[in-house]
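Student: With the input below, show me the fold.
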Amino acid sequence: MKSARPRPPKKVTLSLAEIADTPGTFEQFEEFVAKHGTAEQKKAVKHLKGWRGYKRKLVRPALEASSDYPTIDYEAIDGGDQAEEYEMLDLEKQGQYIAEAFAAWWEIDETAVLQIYDRGGEYAASTACIRPDTVKKEGACF
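Tutor: Coordinates of the predicted model:
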């Protein structure tokens, strides 16, 4: 007798705007990742603090999240600071893991963007496309 395969979790079917505006969705996302996420996703999601809101940016809808990630000093990167450049690359990778977890949680109706803002709330620490293969595509929307 074969054992039953575990069913994949049911995905959230709200729109991104509804996710941003519905109390409790952030906590539901955290719970989903804690139960079903990879080690990388769990580590990355721990830095999120909540949804900031929803905006339509260029041609893609964007869900904005706040985090405790540091602010990147792009002038230092332009000046050759490799440590700051590595920090920026790491934050981009973290955003990819979060977007991948989000894609596993959400019933995607169109390609969307996840923008994660730094702890100061002024600058994006990471931007990644929400799609099932986010990490494989390095967060790109193409």
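Student: For the rest of this, base every contact and every neighbour count on C-alpha atoms.
Tutor: OK.
Student: next SSE after the longest helix seen in the chain?
Tutor: Taking DSSP state H as the assignment, the helix of the chain that covers the most residues is helix 82-105. Remark: after helix 82-105, the chain's next helix or strand is strand 112-117, criterion DSSP states H and E.
Student: Other residues contacting that following strand?
Tutor: 60-67, 69, 95, 99, 123-131, 141 (CA atoms under 8 Å, 6 or more residues apart in numbering).
Student: In strands, which of those appear?
Tutor: In strands, defined here by DSSP state E, the members of the contacts of strand 112-117 are 60-67, 124-130.
Student: Now, of those residues, which are buried?
Tutor: 61-67, 124-130 (16 or more other CA atoms under 10 Å).
Student: What is the longest strand belonging to the chain packed up against?
Tutor: Assignment by DSSP E gives strand 48-57 as the longest strand of the chain. Counting by 3 or more CA pairs under 8 Å, 6 or more residues apart in numbering; DSSP states H and E, the packing neighbours recorded for strand 48-57 are helix 16-21, strand 60-67.
Student: still on that earlier bit, ok, the ones in strands among the contacts of strand 112-117 vs Ala76, which is closest?
Tutor: Ala125 (15.2 Å; CA to CA).
Student: The closest one reaches Thr71, doesn't it?
Tutor: Yes. Between Ala125 and Thr71 there is a contact under CA atoms under 8 Å: 6.6 Å.
Student: Spit out the residues that contact those two alike.
Tutor: In contact with both Ala125 and Thr71: Asp118, using CA under 8 Å, 6+ apart.
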